[in-house]
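[1] Any chance you can model this:
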Amino acid sequence: MSTRGETEPNRESRPADADDRTDVAFTLEGVRTGFLKCVPVALGVGGYGIAFGVVARQAGLSVAEATLMSATVVAGAAQLIAVELWADPIPVTTILLTTVVVNLRYSLMGAALQPWFDRLSPTQAYGSLFFMADENWALTMSELRSSPVDGRHARGAFLLGSGLAIWVFWVGSTILGATAGGVIGDPDRYGLDFVLTAVFVALAVELWEGRSSLVPWLGAFLAAVVAEYVLPGRWYVLVGGIVAAGLEVMRYDG
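    This next block holds a predicted model:
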């Protein structure tokens, strides 16, 4: 008769997010923790929001319109693309198709959260996903992977709390940029266009899992570079994500 140790793979050799069935709690403590941990990242997002507010005003949007877009879309890259394409008449089809391509990466990011979120109610899961951005998704993945092998409950509300921090700073900075756009001028001269790049580098360091991360990361980088030269628009974002996901699946199945 086989023992448990003989029939069950070593826990360290398995992805922690795939088989760990610890209960996922959705609590106010999780919201609070997510919010506070995301504030430093949200400050960086705020710099990007100021740049968006300035660009939105230059494109002809009012302060109220720019604010409404930030409050309901919550997607910096897609919003900047939309205002860059803004014209009279508005090219609705072009804007919709371009922003859909850019935001398709969220389907991959949401799928990565599925092992934890399938233990939440639909209201909790989809309500949290509305506030998902690249930055707080990365923080949430790190939090959920490090949560509860020691008996603690995973913070299922971490994505919501961190997303609320992103939302508050994003909307507030949009208002600031749109209101003071005439005074600020070109946001690039203040380096605001580099803020998110710096934030993503910091998040990448947090997500680095050692040499095992090298293959999918390098694959995503090379695929994105090639796609950027071969395909029009922003398809390189999705192509890089799909290649990385495929390499990761092959690594764990192999």
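
[2] Heading C-terminal from the helix or strand harbouring Tyr106, find the next helix or strand.
    Using DSSP states H and E, Tyr106 sits in helix 105-117. Using DSSP H and E, the helix or strand that directly follows helix 105-117 along the chain is helix 122-129.

[3] report the angle between the axes of the host helix or strand of Ala51 and helix 122-129?
    Ala51 is part of helix 28-58, with elements assigned from DSSP H and E. Counting by axes from the mean of the first three to the mean of the last three C-alpha atoms, to 10 degrees, helix 28-58 lies at 40 degrees to helix 122-129.

[4] Would you indicate which residues of helix 28-58 are buried?
    By neighbour count on 16 or more other C-beta atoms under 10 Å, the buried set for helix 28-58 is 30-31, 33-35, 37-38, 41-42, 44-58. For the C-beta atoms, the positions are set from N, CA and C on the backbone; glycine is no exception.

[5] same deal with stretch 215-222?
    Buried residues in stretch 215-222, counted by 16+ other C-beta under 10 Å: 216-217, 219-220.

[6] Now tabulate those residues in CSV and tack on secondary structure and distance to Leu247.
    Below are the buried residues of stretch 215-222 laid out as CSV (DSSP: H, G, I helix; E, B strand; the rest coil; distance: C-beta to C-beta, whole Å):
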residue, secondary structure, distance to Leu247
Pro216, helix, 4
Trp217, helix, 9
Gly219, helix, 5
Ala220, helix, 8
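
[7] quick one on the thing from earlier: what's the helix holding Ala51 packed up against?
    When contacts are defined as 3 or more C-beta pairs under 8 Å, 6 or more residues apart in numbering; DSSP states H and E, helix 28-58 packs onto helix 63-73, helix 76-84, helix 134-146, strand 154-155, helix 158-179, helix 181-184, helix 195-207.

[8] Which among these is found nearest to Leu247?
    Across the helices and strands packed on helix 28-58, Leu247 has its closest neighbour in helix 195-207 (15.2 Å, C-beta to C-beta).

[9] for the record, mean pLDDT for that closest one?
    Here helix 195-207 scores 58 as its mean pLDDT.

[10] In the buried residues of stretch 215-222, find the pair that's most separated.
    For those, with distances taken as C-beta to C-beta, the pair at the greatest spread is Trp217 and Gly219 (7.2 Å).

[11] Residues that sit against both of the two, list them.
    Common contact partners of Trp217 and Gly219 (C-beta atoms under 8 Å, 6 or more residues apart in numbering): Ala244.

[12] if you average pLDDT over each of the helices and strands packed on helix 28-58, which comes out lowest?
    Note on the helices and strands packed on helix 28-58: helix 195-207 shows the lowest mean pLDDT, a mean of 58.

[13] No more questions from me, cheers.
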